[in-house]
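1. quick one, what's the 3D model for this:
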Amino acid sequence: MYSIAIREIFHPIIHGQDENSSAGIETHFLVNDRCDLEDFYNNSYKEMLTIYQRAYNGFSRVLNRLKHPTIRNYNTIIKDKNYIKLDIVYIDKLAGGETVGYIKTFWIKLIQRRWKKIYKQRQDILKQRMLPKSIREREITGKWPKGLRLWPKGLR
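-> Numbering: from 1, shown residues only. Take a look at the predicted model:
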């Protein structure tokens, strides 16, 4: 099930780990809170997000000294001001009862990055087609100059 949620990396010292915890829990993102679509659209999730961000800023000195058992750059990750944020996640319940989320937002970022490149290529072609030299060749031959004939396509 997909949901909009606030998530954070599990840390055994912060969240606690015992014999009932799921194996490999330290490699997962814990879901702190879910956000309904209604809360998302009327921006009431921002209060909830601010509370979590302030809590992390308050504990930042303590958190910076913690070593994570599996993530080597944990301290660098949590120093990022956007560490606590809203993401689209696939929610799963582990055997130990922990609610974890697998981030799906990165797919959107990949698509955005790809479309930015395509858009930039199209803008470059348009600029070059507006040059008098290119327009003149189009008038004479009926075709754009060789490097300007193909229009970059979208995702395939």
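2. Glu8 in helix, strand or coil?
-> Here Glu8 is strand, with the state taken from DSSP: H, G, I helix; E, B strand; the rest coil.
3. wait, it touches Tyr83, no?
-> Yes - between Glu8 and Tyr83 there is a contact at 7.4 Å, judged by Cβ atoms under 8 Å. (Each C-beta comes from the backbone N, C-alpha and C, glycine too.)
4. in stretch 4-12, what counts as buried?
-> Ile4, Ala5, Ile6, Arg7, Glu8, Ile9, Phe10, His11 (16 or more other Cβ atoms under 10 Å).
5. before we move on, the earlier item: hey, what's in contact with both of Glu8 and Tyr83?
-> Taking Cβ atoms under 8 Å, 6 or more residues apart in numbering as the criterion, Glu8 and Tyr83 both touch Tyr56.
6. can you name the element that comes right after the lowest-mean-pLDDT helix or strand in the chain?
-> The weakest-scoring helix or strand in the chain, judged by mean pLDDT, DSSP states H and E, is helix 60-64 (a mean of 70). Using DSSP states H and E, the helix or strand that follows helix 60-64 towards the C-terminus is helix 74-79.
7. ok, residues contacting that following helix?
-> Contacting residues not belonging to helix 74-79 are listed as Ile9, His11, Tyr56, Ser60, Leu63, Asn64, Leu66, Lys67, His68, Ile71, Tyr83 [Cβ under 8 Å, 6+ apart].
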